[in-house]
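Novice: can't give you the sequence, but here's the structure:
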């Protein structure tokens, strides 16, 4: 009954703008803000349900995501026609959602097959080196993949330390977020940008200075703080992990990472023609890329020892959750993107004014902080799309004349996902694994204190150096 009443209320509200019913397609200039409510609803659900109703969220997140999606599709079919709704759904599913999920699935499976065995002693220099390795790795196997590969070796290295929560906090800063900023493989927002037409190596060249500065500064702060605690505590506890040589197994997965990269580059350069499915025009090279992702997933499962995944604590739960939630997100964001494309002529005109200077030029610092601020508490992938469209949505312009604006949006979405536990998917996964291993992790608000003291000043300096133009 509740779902029906919500749907009826949404339809009634949307009917208040009769001109919408006559539109043959989604015209962002004629859409009211009511169309954005499902998108806001699903993002707030993702942010708040795990904190306020974790049990209900765990069991019903797919249904909740589907409800928000239906609150877009049902009014669209009723008011604009079933054909418009089907075409919008097909375009989103075939050109964006499916490629997005297949890449995440391939990277998730491949990373789960790479196992680091052995024990490393967590001295400050060693810890800094481990964080640096994870930071670099994140741009090649994704922040989720790098987090799952590196977190257990880092925890084993520090399980004899009295103070070790700070190591995990900086791990989330660097490996689970900032390290994923150099390729579309690194973090979901950047792959969405790639699907929208941003060149594969654009972020590598244009975000390298910002990423290097922020990463080195955070590593330096970490080293100084960790060295202070290391000298203060001494060796007061025996190491619970027996000394064993460090070994990396699951080598075939490194080859599969190269296959993934090759498939993405192939899809960006090859022209094999196009075909139409449900009104969506699909490039054949992109379809080949997606099939390669499926093949990589099955190859990794077939040729990786099962023990590797068992020792890594691998399960399909996280990728299932991402698939469910992003299905709802990609549907709910359809009218929002249409309104953003309308720019100053659409319902989001005040937001356009907020990220624009008086002369009409983009305010890149505002793009960085608004994208980052929302990415701190909402999912950073749809947040990136919102501001990508707000900046014009033309990849050719944004990669050239608008390069600084695109860099600000990209950096804001990736970097500031580290500001809270819910800013990026790996954050909470790392938190849960560390808690399970006995690390006294800070609470949700305790973590905000860490990010406020360490990350916010770092990002303010980065703003002055890179985005105040």
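Specialist: Now that the structure is in, tell me what you want to look at. This structure is a prediction, so every number in the text was calculated from the model and none was measured. Numbering: from 1, shown residues only.

Novice: And the strands in the stretch 201-350 of the chain?
Specialist: Secondary structure of the stretch 201-350 of the chain (DSSP state E, counting those that start in this stretch): strands located at 247-249, 274-277, 280-283.

Novice: now the stretch 51-200 of the chain
Specialist: With DSSP E, counting those that start in this stretch as the criterion, the stretch 51-200 of the chain has strands at 115-117.

Novice: Low-confidence regions, it specifically.
Specialist: In the prediction, the stretch 51-200 of the chain carries residues with pLDDT under 70 at positions 118-119, 121-122.

Novice: pretty sure residue 437 is touching residue 159, no?
Specialist: Yes - shown here, residue 437 and residue 159 form a contact pair, counting by C-beta atoms under 8 Å, at 7.1 Å. The way it works is simple: take the backbone N, C-alpha and C, and place the C-beta from them, glycine included.

Novice: and residue 36, what are its phi and psi?
Specialist: phi -90, psi -10 (degrees, to the nearest 10).

Novice: check contacts around it.
Specialist: The contact partners of residue 36, by C-beta atoms under 8 Å, 6 or more residues apart in numbering, come to 335, 336, 339, 347.

Novice: Looking at this structure, which helix is longest?
Specialist: The longest helix of the chain (DSSP state H) is helix 124-157.

Novice: And it, what does it pack against?
Specialist: Contacts defined by 3 or more C-beta pairs under 8 Å, 6 or more residues apart in numbering; DSSP states H and E place helix 124-157 against helix 98-112, strand 115-117, helix 165-174, helix 208-233, helix 252-269, helix 425-436.

Novice: Point out the most buried one among the ones you listed.
Specialist: Most buried of these, by mean neighbour count (mean count of other C-beta atoms under 10 Å): helix 165-174, with a mean of 24.

Novice: who's in contact with that helix?
Specialist: 122, 127, 131-132, 134-135, 147, 150-151, 154-155, 158, 161, 215, 218-219, 222, 225-226, 229, 418, 421, 426-427, 430-431, 434, 439-442, 447, 450-451, 454-455.

Novice: So which of the helices and strands packed on helix 124-157 is nearest residue 141?
Specialist: Closest to residue 141 of the helices and strands packed on helix 124-157 is helix 98-112 (C-beta to C-beta; 4.9 Å).

Novice: which helices and strands sit right next to the closest one?
Specialist: By 3+ C-beta pairs under 8 Å, 6+ apart, helix 98-112 packs against helix 124-157, helix 188-195, helix 252-269, helix 284-303, helix 317-332.

Novice: which strands and helices sit next to the fourth one?
Specialist: Using 3+ C-beta pairs under 8 Å, 6+ apart as the contact criterion, the secondary-structure elements in contact with helix 284-303 are helix 98-112, helix 252-269, strand 274-277.

Novice: okay if I get those as JSON lines plus distance to residue 385?
Specialist: Below are the helices and strands packed on helix 284-303 laid out as JSON lines (distance: least, C-beta to C-beta, whole Å):
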{"stretch": "helix 98-112", "distance to residue 385": "11"}
{"stretch": "helix 252-269", "distance to residue 385": "19"}
{"stretch": "strand 274-277", "distance to residue 385": "22"}
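
Novice: Report the contact partners of the closest residue to residue 208 other than its chain neighbours.
Specialist: Among residues not flanking residue 208 along the chain, residue 182 sits closest, at 6.6 Å (C-beta to C-beta, 6 or more residues apart in numbering). Listed by C-beta under 8 Å, 6+ apart, the contact partners of residue 182 are 139, 203, 204, 207, 208, 211.
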